[in-house]
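Novice: After the sequence you'll find the predicted model.
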Amino acid sequence: MEKHGVLRSDLEHGRDLPGVRSLLSATAATAHAALREATRILREATRIVAELPE
C-alpha cells in the first residue's frame with residue numbers, strides 16, 4: 001500500500017483514487033500470474049501422472 005501511496009482508510013472508505021486503482025491493478029495482476037503458474041504446474045503434474053506405468 002505504501003508503494004502506491006494508499007492508506008488503509010482509503011480502502012476502508014472505498015475512495016476512488018489513482019493510488020487505490022494502481023494497488024488493485026497490481027494485486028490483480030499478481031493473482032492472475034499466480035493462477036497462470038498454478039495452471040501450468042497442474043497440467044505438468046497431470047501429464048507426468050498420465051505417463052506413469054500402471
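Specialist: On my side now, so go ahead. Numbers count the residues shown, from 1 in each chain.

Novice: which helix in this structure runs the most residues?
Specialist: Longest helix in the chain by number of residues (criterion: DSSP state H): helix 18-51.

Novice: Tell me which other helices or strands that helix touches.
Specialist: Packing partners of helix 18-51 (3 or more Cβ pairs under 8 Å, 6 or more residues apart in numbering; DSSP states H and E): helix 8-12. Heads up, the C-betas are built off the backbone N, CA and C, glycines and all.

Novice: on contacts alone, who are the packing partners of the helix it packs on?
Specialist: Looks like helix 8-12 contacts helix 18-51 (3+ Cβ pairs under 8 Å, 6+ apart).

Novice: Report the buried residues of stretch 18-28.
Specialist: Residues of stretch 18-28 classed as buried: G19, V20, L23 (neighbour count, 16 or more other Cβ atoms under 10 Å).
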